[in-house]
Every structure is written in C-alpha cells, then in structure tokens.
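Novice: Okay, here's the prediction I keep looking at, along with the sequence it came from:
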Amino acid sequence: MIALALPAETTDEGFVAPTIEDTHYPDILPWGGEYGVWFEGGFGKQMLLVIFSVILIASFFMAASRRRQMVPGKLQFLGESAYGFVRNSIGKDIIGGRDYLKYVPWLFAAFFFILVNNIFGAIPLLQIPTFSHPGSAYAIAAIFYILWIAIGVKKHGLRYFKLAVVPSGVPWYIMPLLIPIEIISNFLVRPVTHSLRLFATMLAGHLIITLAGSAIEYMALSGSILLQGTGVLVLGGAVAMYMLEALIMVLQAYVFTLLAAIYIEGALHADAH
Amino acid sequence: MFNAAIMAAEEGANPLIPNGWEILVTLAGFAVLMFIVIKFVMPAFEKTFAERTEAIEGGIAKAEAAQAEANAAREEYKQQLVDARAEANRIREEARAEGAQILASLKEKAAAESARITEQAHVQIEAERQAAVVSLRAEVGTLATELASRIVGESLADDARSARVVDRFLADLDNQSAGAAK
C-alpha cells in the first residue's frame, strides 16, 4: 500500500498508479446509511459476485448430479470428477478414517466457493477475485476456525484444548516455553494466516494486473512512440502475470481447502499428535 | 511516504479492515452453498458412487462365479476324457485278451478235432483190416478145402491131370473173381 502510494505522490501530472481504493468499485445499490464503522457503503460488485458464484456452483452441481447414471455423461462426469477430487484427494487422503465423509461437504463447498470466486478475477468484466476483499476471506476462514474447534471439543470434550496446546513427549521444563507457543500458533496465528494467505495473494495478484492494465493504458495514450513501444513489453509481462495469477487462484483455493482439512484432521486426532 | 500511509488509513483504505456487508454476504452465500451441497449434491454423488461400486463388484463376483463354473466344467471334461481313455484302453486290453483266448481255444479245438479224425481213421482202418483178415481167412479156408477136395477127388498120380486140375481151378477162381467183379 505504502509502496503503491509512492509514485502517486512524487509525480503529480505523470502516471498515477491505482491504489487499493481502486479495487473497490462504486456501489451498485447504495442503500446509504452507515451502520457503524464496518458497515459502510451499500451493495457492491463484490457481493453481487459472491451471490453469483453461489448460484453458479449450485446450479452446475445440481445439474451434474441430477441424472444419476451408471455410465456418466459429460456433465455428470465433470461433476463427479470435481466432487471426487475434493472427496478423495483432500477429504479421504488428509482426514481419512471412516467418518471423513462427514466433513467432505465443508471442504467441497469451500473449495469450489473459493475457486469460482478467485477465477472471477481472471474473467474480463467480472475481473475481481472476491477474496481480495478482506471481509470475505475473514468470513470463510472464521467458518473453518469455528468448525475445527467445534470438532475438537465435540470429539474430546474440553480436554481438547489441553491436547491441542500440550505437546506429548516433551520434557516438563520446556513446557512453559512450548505451551504459549502452541496456544499462539494454533489458536491465534492459524486463523489469521489461513485468511490472510488467501486474501493477500488475491489482492496482490489483482493489484498487479490492475497496475499493468493502467500502465498499458497510460503508455498507449501518452502519444510518445517510446512509451508506446515500452507498453508492448508491459503488455507481454502483464499477460504472463495474468497466467501466473490464474495459476495462483486455483492453487490458493486448493491450499485453503487442504489446510482446512489438515486442521480438521488435527482436531479429530488431537490425542495422536 | 509516511504521510501517504497515514492519509490512506484516514481514508479508510487500510486493506485489512473488512466491510461488514461483505462478511455477511460471504457467510450467507457459503451457508446457502453448504445447504445445497448437503441436501442435494453430496447425497446424489455418494449414491451414484455406491451404486457404481456395487455394480462393479457385482459384475466382478458374477464373472468370478462364471469363471469358477467354467473351471469346474473343464475339470469335469478332463476327468471324463481321462475316464474315457482308460475305458478305451481297458476295452482294447480285454479284446486283445479275448482274441488270444479265442485263438488258443480254436487251435486246441482244431488239434482235438484232427486227433479225433486221425483216431477214427485208425480205428476204421484197423476194423477194415480185421474184417479183411477174417473174410480172407474164411475164404482161403474154403478155397483150400475146395481145392483139397478137388485134388483128392481126381487122381493125384497123373501129373498132367493134376496140372489140368490146378489150371482149371485157377481159371475157375479167375472166373469167380471176374464174376464177383461184375
């Protein structure tokens, strides 16, 4: 943020780089009225996209799973592969056991919710990864924070907190050092990193694309042949960054879901760790 | 730079501060998605998977049963083939033994028959010989007696006469035998 604000301050009439403010579009449906510090502004593009993603995912998988055939058609095969991927390579492989299926819907919904919302950032016109807004990232990470703590408490009772913070097989005199570290890492840092990882990668990627886009626009319209020539290079770089960002969008959806599965597994088998 | 940061923070552009509406929309959206996944999508997929697994396992079991059946049938055929071969061998052996037996018995019978025929011939020849001897003896006796009486009836002193008598006798004998031959 600070670095991005820098060129804007030093060059007044030159290139004005977009800031984070530019990733927040004007409200589509401003309902005015501010309810506290957090609830400012109205209904924006980002929220519309979140709702759109839910409709998109739900309708696709409803359509794919409606006609249950032994030999699947294209749509059903696609849906089954997508579902089977989360179910088997995340749910079964990480959580395992007999009851991993109980947690598959959480992982499945989270994976495709995040994936589709991220991919929005790579689609022209939609062009905003909804998790580049911190609210969404906090919300989805909080859901899993509460979920894995609830799973731990349900499975082990209040003893879960002891199991989670007191490592086994460690000499007693290290305990005073280890227990605070475990508390901080498990219960404080974990949800923060879980949400910020997603949010930061999406925001950074989106900003790079925005920056490159506005730079290309500025160079193209500058009237200077040199700048226009350089703009072609920037365009090439921007396409490469776009590809990289698309990769990261998919990767982050996978990483988020994978970590969620690891946290759930850790809560389930807290006594074995 | 520092000023810009402060200014940005004052403008509310701190990227870490969330918008409450966005949190609510995300939570609501995820809740709706979870509901649909738990209620419709996952049961449908799981049911399909289970049915498919069952179908495949059923197919495998069926194929295994068919294979076992085929194996059993093949074993049976093999057994039958072995049995048939043994049976054929046995029959052939039997036939050979029987043939040999028949041959031996035929040979024996033929030998016995020939022996019997030879014996019969011997007996017959002996009997004929005996009969010939008897009849010859009787005939010779008769002839001798007749000859003797004829000789005794004529004069034995006359040699010519005696010779004539013998000649006549012999001629008679010849006539007799010629008449007998006729």
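Specialist: It's in. Numbering: from 1, shown residues only, chains lettered A, B, ... in the order given.
Novice: biggest helix in the chain, by residue count?
Specialist: No chain was given, so I picked chain A. Longest helix in chain A by number of residues (criterion: DSSP state H): helix A:225-268.
Novice: not quite, I wanted chain B
Specialist: Chain B, longest helix under DSSP H: helix B:42-153.
Novice: residues from the stretch 101-250 of chain A in reach of chain B?
Specialist: A:101, A:104-106, A:108-110, A:112-113, A:130, A:133-136, A:138-140, A:143, A:203 (CB under 8 Å from any CB of the partner chain). Where C-beta positions appear, they are placed from N, C-alpha and C, glycine not excepted.
Novice: re earlier: same for the longest helix of chain A, what does it pack against?
Specialist: On a contact count with 3 or more CB pairs under 8 Å, 6 or more residues apart in numbering or on different chains; DSSP states H and E, helix A:225-268 meets helix A:104-119, helix A:134-156, helix A:159-165, helix A:190-220.
Novice: by how many degrees do the longest one and helix A:104-119 diverge?
Specialist: On the basis of axes from the mean of the first three to the mean of the last three CA atoms, to 10 degrees, helix A:190-220 is oriented at 20 degrees to helix A:104-119.
Novice: mean confidence score for helix A:190-220?
Specialist: For helix A:190-220, mean pLDDT is 90.
Novice: Might you report the residue contacts of A:F187?
Specialist: Listed by CB atoms under 8 Å, 6 or more residues apart in numbering or on different chains, the contact set of A:F187 reads A:I149, A:A164, A:V165.
Novice: Neighbour count and pLDDT added to those residues, as TSV?
Specialist: Below are the contacts of A:F187 laid out as TSV (neighbours: other CB atoms under 10 Å in any protein chain shown; pLDDT from 0 to 100):
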residue	neighbour count	pLDDT
A:I149	18	94
A:A164	21	87
A:V165	19	88
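Novice: Chain B: which of those residues is nearest?
Specialist: A:I149 (16.9 Å; CB to the nearest CB).
Novice: got a list of what that closest one touches?
Specialist: A:Y160, A:F187, A:A267.
Novice: Would you check how far apart the second one and A:V165 are?
Specialist: When you say that, I think you mean A:F187. For A:F187, the distance to A:V165 (CB to CB, to the nearest Å) stands at 8 Å.
Novice: Show me which of the residues of the stretch 101-250 of chain A next to chain B are buried.
Specialist: A:104-106, A:108-110, A:112-113, A:130, A:133-136, A:138-140, A:143, A:203 (16 or more other CB atoms under 10 Å in any protein chain shown).
Novice: where are the low-confidence patches of chain B?
Specialist: Counting by pLDDT under 70, chain B shows low-confidence ranges at B:1-13, B:152-158, B:180-182.
Novice: Give the closest residue to B:I17 in space, chain neighbours not counted.
Specialist: Using CB to CB, 6 or more residues apart in numbering or on different chains and skipping the chain neighbours, the partner closest in space to B:I17 is A:P134 (6.9 Å).
Novice: Distance check, B:I102 against chain A.
Specialist: As judged by CB to the nearest CB, to the nearest Å, B:I102 and chain A stand 72 Å apart.
Novice: What is the burial count for that residue?
Specialist: Close neighbours of B:I102, defined as other CB atoms under 10 Å in any protein chain shown, add up to 10.
Novice: cool, A:V255 as well?
Specialist: 16.
Novice: cool, B:F35 as well?
Specialist: With other CB under 10 Å as criterion, B:F35 counts 13.
Novice: Low-confidence regions, chain A specifically.
Specialist: Within chain A, the ranges that satisfy pLDDT under 70 run A:1-14, A:21, A:23-42, A:273.
Novice: hmm, 50 instead?
Specialist: For chain A, the stretches with pLDDT under 50 are A:1-12.
Novice: before we move on, the earlier item: who touches the residue nearest to B:I17 in this structure?
Specialist: Shown in contact with A:P134 (CB under 8 Å, 6+ apart): A:S195, A:F199, B:P15, B:L16, B:I17, B:P18, B:N19.
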